[in-house]
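J.: Curious how this folds, go ahead:
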Amino acid sequence: MSTFYSIVDLLKNTPLIATVLSFLVAQTIKVIFSKSFSMFKKYGGMPSGHAAAMSGLAFSLARCTGYDSPATAVATALLMVVVADAVNLRPYVREDLGHTWLQAFAGIGVGFTVAHLLPAKIPLW
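T.: Predicted structure coming up:
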């Protein structure tokens with residue numbers, strides 16, 4: 001199998017596309033609200049890019065493999081860890097690193113929306 005076909009197959013991976021696209025959409029929303037391009041690479045702010053990426057992954061996997069699949073369970077657990085870290089742990093390390101619950105839930109909403117706008121049944125393997 002050539003490298004070209006591997007890249008094409010990678011681009012058909014809906015959960016991966018949903019993850020990356022959710023993160024990019026969340027970071028773009030930060031730039032629009034703050035009117036500063038430097039917010040694109042910041043860890044804090046509205047909405048949470050990490051929560052968006054992980055919820056995009058979890059909801060896209062749920063749509064592709066089923067809500068009762070082990071892959072969905074793992075992605076959901078990872079989403080909970082990422083949100084808990086962003087809200088409860090990072091603000092203690094440095095104040096501008098963390099998120100409020102509202103920012104984290106807004107990120108989850110971005111990921112949910114992106115995952116449901118993409119087609120669901122593209123084969124993963």
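
J.: for stretch 17-32, which positions count as buried?
T.: Across stretch 17-32, burial judged by 16 or more other Cβ atoms under 10 Å covers 17-19, 21-23, 25-27, 29-31. The way it works is simple: take the backbone N, C-alpha and C, and place the C-beta from them, glycine included.

J.: Hmm, I typed the wrong one, I wanted stretch 82-99.
T.: 82-83, 85-87, 90, 98-99.

J.: Pull the most distant pair out of the residues you listed.
T.: For those, the maximum inter-member distance is 12.2 Å, found between 82 and 98 (Cβ to Cβ).

J.: Could you identify the helix or strand that succeeds the helix or strand of the chain with the lowest mean pLDDT?
T.: Across the helices and strands of the chain, mean pLDDT, DSSP states H and E gives its lowest value to helix 3-11, namely a mean of 70. The C-terminal neighbour of helix 3-11 among helices and strands, as given by DSSP states H and E, is helix 14-34.

J.: Now do the same contact list for the residue nearest the centre of the chain.
T.: Closest residue to the average C-alpha location of the chain: residue 53 at 0.8 Å, with Cα atoms, centre = their mean. Residue 53 sits next to 19-20, 22-23, 26, 111 when contact means Cβ atoms under 8 Å, 6 or more residues apart in numbering.

J.: what angle do whichever strand or helix holds it and helix 14-34 make?
T.: For residue 53, the element it lies in under DSSP H and E is helix 49-65. Helix 49-65 and helix 14-34 are oriented at 150 degrees to each other (axes from the mean of the first three to the mean of the last three Cα atoms, to 10 degrees).

J.: export the helix or strand following helix 49-65 as PDB, just CAs?
T.: Downstream of helix 49-65, the next assigned helix or strand under DSSP H and E is helix 70-84. Listed next in PDB are the C-alpha coordinates belonging to helix 70-84 (Å, rounded to 0.1, in the frame of the first residue of the first chain):
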ATOM      1  CA  PRO A  70     -15.900   0.400  24.100                       C
ATOM      2  CA  ALA A  71     -14.200   3.100  21.900                       C
ATOM      3  CA  THR A  72     -17.000   5.500  22.800                       C
ATOM      4  CA  ALA A  73     -16.600   4.700  26.500                       C
ATOM      5  CA  VAL A  74     -12.800   5.400  26.400                       C
ATOM      6  CA  ALA A  75     -13.300   8.600  24.500                       C
ATOM      7  CA  THR A  76     -16.000   9.800  27.000                       C
ATOM      8  CA  ALA A  77     -13.700   9.000  29.900                       C
ATOM      9  CA  LEU A  78     -10.900  10.900  28.300                       C
ATOM     10  CA  LEU A  79     -13.400  13.800  27.700                       C
ATOM     11  CA  MET A  80     -14.200  13.800  31.500                       C
ATOM     12  CA  VAL A  81     -10.500  13.900  32.400                       C
ATOM     13  CA  VAL A  82      -9.700  16.700  30.100                       C
ATOM     14  CA  VAL A  83     -12.700  18.800  31.300                       C
ATOM     15  CA  ALA A  84     -11.900  18.100  35.000                       C
END
